[in-house]
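**Student:** what would the 3D arrangement of this be:
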Amino acid sequence: MSTICHHRHEVSLLPESARVIIRPFIPHETWRIRSIIGRALALSEERVASEFERINDDFQSRHLDAEGILLSHFNKVRGHLPEGAELSLKRRVLIGAMFSGEYALESAALFNPSIVPHPDQTGVPSGGLRFVMSLRATGEGHISSIEFRVGIISPGGSISIDPVSRYVTEPGIVPNPRYKKELFIHKLGEMGLENHHNTAAVLGPLGPYFTRSDLNRSIGAVRHKGAGAPLELCETLECIQWLADSNYELQFSESLAMSERIIFPVSPNESNGIEDARFVRFVEDDGAVKYYATYTAYNGHAILPQMIETEDFLHFRVLTLNGSAVQNKGMALFPRRIKGRYAMLSRQDDENLFLMYSDSPHFWADPQLILRPSDVWNSVKIGNCGSPIETEAGWLVITHGVGPMRRYCIGAALLDLGDPSKVIGRLKKPFLCPEGLEREGYVPNVVYSCGSLVHGRDLVVPFAVSDRATVIATVSLDELLAELKASGLNRR
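**Tutor:** Now for the predicted structure:
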């Protein structure tokens, strides 16, 4: 391991199985849904009242609005009720509960963190910093979601995490999101549908920006006309619907604490997980600030890089990424434009680090290889541990390397500020490796991070240990930069 010293703070974020959300559990078979509803309808009002009270006693204290959630789940199956059925509130809640269950979203792991300055620094002492940490939470079935924590770095460098709420709440899905036609057509082109006559029939009548309602009306009109081969038409419309479902907006209530907000998979392409979000505070040339996060959507069979945008951690836009370079894992956006263009690190081949530029954060192509595995500790592959960090010496890139026995360690590289394709230096040895009990966990022998930040002259690195829990270390920025600059020019 490198001679660079690091300080591990007394901060440990462990998975907590008591933090649960209520998820719908609805059978695919219509006959089963109707069978369950039938048994609920056969109960007397007295029995319904008794069961309602039991559910209230058992679950109301575990959720901020259990009754409201159960009623929303009832609404998902109410179309299977007998025509004209009039149900009491308690019976509707009971039916909702029959199609629901608790999900312990971080029961297995709370790991792979990224860290950014909080958008609100009110009340923070001079020289201190309030931060937002994102975390990958994993529960039953290895389904991953995004959680958040808030903490403070004191002027003296100590780190504390705000108390974590017992409750966890999913956001509301914005019912009628807007889409940019240009982006929509470009993604359909990657799917082989850009010039299809059915695609033109759906999108042609729509303006440069359109809502989901606009899209649904156009799809309905094309389906009603039924032009062309029925199977071909059905497949095209399904692809358009899939793309619309994959681009959505979420809204949290301002009353929710940051630790109570959870981004759980919504679209089909992320049904098995939202993995390894890399958040970055991005500053535009005019000073406007937006937070971006790249993440890996996983549906149980394939992965798809996607992007999240937010300005306040209350309203989130989730978007598909476009372009031939949108492949594999580990895309990480630079925190500002470089010579007027967006820049991104990536790993198209699951082995090396690449750099690419774009005029839009949503389109990526033409990756350029900048770093290859260089030593035994990263001989299997390398990747980034989050977005590059701007320093006076260059772009500091925290990297991970995989070596023998799938051991993951954390190192660093330094890229030129004006031309990040130029490698100024890279550490010959990692500065963080799994040690002692940190080697034991869901995936042994792994340390991994999705983002760090600089505070004063310290590099603050939150990192996961063996895909189970999260800890925080700080490293002297001056010491790290000195070793990087001394490591040799343009070492690849």
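**Student:** so who does the residue sitting nearest the centre point of the chain touch?
**Tutor:** Central residue of the chain (Cα atoms, centre = their mean): A277, 4.1 Å from the mean position. Going by Cβ atoms under 8 Å, 6 or more residues apart in numbering, A277 touches 114, 134, 136, 146, 293-295, 308, 450. No exception for glycine: its C-beta is placed from N, CA and C like everyone else's.
**Student:** mind giving me TSV with the residues you listed and columns for secondary structure?
**Tutor:** Shown next, in TSV, are those (DSSP: H, G, I helix; E, B strand; the rest coil):
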residue	secondary structure
S114	strand
S134	strand
R136	strand
I146	strand
A293	strand
T294	strand
Y295	strand
I308	strand
C450	coil
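**Student:** just the closest of these to R62, please.
**Tutor:** Set against R62, the nearest of those by Cβ to Cβ is I146 (21.1 Å).
**Student:** residues in contact with the closest one?
**Tutor:** Neighbours of I146 in contact, by Cβ under 8 Å, 6+ apart: 134-137, 262-263, 274, 277, 295.
**Student:** got it, and S246?
**Tutor:** S246 touches 267-269, 297, 306, 318, 320, counting by Cβ under 8 Å, 6+ apart.
**Student:** once you drop chain neighbours, what's closest to it?
**Tutor:** Leaving aside its sequence neighbours, S246 sits nearest to S267 (Cβ to Cβ, 6 or more residues apart in numbering; 4.4 Å).
**Student:** circling back: from the contacts of I146, which two are the most distant?
**Tutor:** Spatially, the most separated pair among the contacts of I146 is I262 and Y295, at 14.1 Å (Cβ to Cβ).
**Student:** the two: who's more crowded?
**Tutor:** More neighbours surround Y295 than the other of I262 and Y295, with 28 against 21 (other Cβ atoms under 10 Å).
**Student:** could you find the closest non-adjacent residue to R91?
**Tutor:** Going by Cβ to Cβ, 6+ apart, R91 has V48 as its nearest residue, at 4.9 Å.
**Student:** list the buried ones in the one helix or strand the one you found maps to?
**Tutor:** Element membership for V48, per DSSP states H and E: helix 45-59. Of the residues in helix 45-59, those buried by neighbour count under the rule 16 or more other Cβ atoms under 10 Å are 48, 51-52, 55, 59.
**Student:** which residues touch it?
**Tutor:** Here helix 45-59 makes contact (Cβ under 8 Å, 6+ apart) with 22, 40, 43, 66-67, 70, 88, 90-91, 93-94, 97, 102.
**Student:** repeat that for stretch 220-233.
**Tutor:** By Cβ under 8 Å, 6+ apart, the surrounding residues in contact with stretch 220-233 are 197-198, 201-202, 205, 237.
**Student:** pLDDT averaged over that stretch, what's the number?
**Tutor:** Stretch 220-233 comes out with an average pLDDT of 79.
**Student:** that older thread, which of the contacts of I146 sits closest to H186?
**Tutor:** Ranked by distance to H186 (Cβ to Cβ), the contacts of I146 are led by Y295 at 20.2 Å.
**Student:** separation between the nearest residue to that closest one once chain neighbours are set aside and F111?
**Tutor:** Spatially, and ignoring its direct neighbours in sequence, Y295 is nearest to A277 (4.2 Å; Cβ to Cβ, 6+ apart). Relative to F111, A277 is positioned 12 Å away (Cβ to Cβ, to the nearest Å).
**Student:** shared neighbours of the two, anything?
**Tutor:** By Cβ under 8 Å, 6+ apart, A277 and F111 have these common neighbours: R136.
**Student:** select only the buried ones of the contacts of S246 in PyMOL?
**Tutor:** Selection of buried members from the contacts of S246 for PyMOL, criterion 16+ other Cβ under 10 Å:
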select buried, resi 267+269+297+306+318+320
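**Student:** redo the contacts of S246 as JSON lines? Include distance to S165, secondary structure and pLDDT.
**Tutor:** Listed next are the contacts of S246 as JSON lines, based on distance: Cβ to Cβ, whole Å; DSSP: H, G, I helix; E, B strand; the rest coil; pLDDT from 0 to 100:
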{"residue": "S267", "distance to S165": "26", "secondary structure": "coil", "pLDDT": "92"}
{"residue": "P268", "distance to S165": "30", "secondary structure": "helix", "pLDDT": "89"}
{"residue": "N269", "distance to S165": "30", "secondary structure": "helix", "pLDDT": "90"}
{"residue": "A297", "distance to S165": "27", "secondary structure": "strand", "pLDDT": "94"}
{"residue": "Q306", "distance to S165": "27", "secondary structure": "strand", "pLDDT": "95"}
{"residue": "V318", "distance to S165": "23", "secondary structure": "strand", "pLDDT": "96"}
{"residue": "T320", "distance to S165": "32", "secondary structure": "strand", "pLDDT": "92"}
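**Student:** done for today, thanks.
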